[in-house]
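Starting from these lines, generate the structure:
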Amino acid sequence: MDDRAIKNQIKSLGSDGVREFVDSEKFLKSKEFDAATTLAIEHFKEKGNSAYIGYILRILAFSRHYKPVLLWFCEKAQLDYFVDDDELRLKKAENFVAEPKTLAQYLSSNTGTEKGTLSRAPERENKKKKIKTVSTRTDLLDTWRVLPGSFGSGRRR
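I've put the predicted structure just below:
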């Protein structure tokens with residue numbers, strides 16, 4: 001397959017209507033996955049564009065293999081990942097020390113979907129407990145200031 005066909009295949013597999021039907025186990029073991037990852041890493045190293053890595057990760061978004069593949073890409077392409085506005089961002093790592101691991105080692109040691117990997121722990125703010133304020137306003141008919149002859153006073157005038 002040429003590069004153009006691989007790029008189109010990656011984009012089409014990552015579309016919303018198709019990716020739910022992709023078996024991630026078979027996709028990871030296929031020769032198309034190997035070609036796609038090689039192309040995506042080379043494209044990032046040449047042009048600094050991580051779009052094709054994002055397309056591959058999007059195919060695996062609902063799979064438990066999302067996190068290991070993300071970490072494997074970060075090692076192979078020397079990337080750091082972070083979340084910005086609930087969206088994955090990849091950037092070139094400045095001080096990168098890689099442990100040479102294969103994808104199979106990452107798959108056996110890590111699991112996680114896109115939602116679990118990219119969700120942040122809730123940030124806790126030091127909030128003081130709110131004190132409930134008692135309403136100081138009371139109904140005029142319930143006070144001692146009720147005028148004689150007014151409604152509910154029990155007198156008729």
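
what about the protein, any weak spots by pLDDT?
Applying pLDDT under 70 to the chain picks out residues 96-100, 110-130, 132, 134-135, 138-157.

what's next to the longest helix seen in it, contact-wise?
Ranked by number of residues, the top helix in the chain under DSSP state H is helix 31-47. Applying CB atoms under 8 Å, 6 or more residues apart in numbering, the external contacts of helix 31-47 come out as 1, 3, 6-7, 9-10, 27, 49-53, 55-56, 73, 76-77, 79. Yep, even glycine has a C-beta here, placed from its N, CA and C like the rest.

Would you mind identifying the next helix or strand past it?
helix 51-59 (DSSP states H and E).

Give the other helices and strands that that next one contacts.
helix 3-13, helix 31-47, helix 66-76, strand 87-92 (3 or more CB pairs under 8 Å, 6 or more residues apart in numbering; DSSP states H and E).

which strands and helices sit next to the third one?
What it means is helix 66-76. Counting by 3+ CB pairs under 8 Å, 6+ apart, helix 66-76 packs on helix 31-47, helix 51-59, strand 79-84, strand 87-92, helix 103-109, helix 114-118.

what's the answer for the first one, then?
With contacts defined as 3+ CB pairs under 8 Å, 6+ apart, the secondary structure elements packing on helix 3-13 are helix 31-47, helix 51-59.
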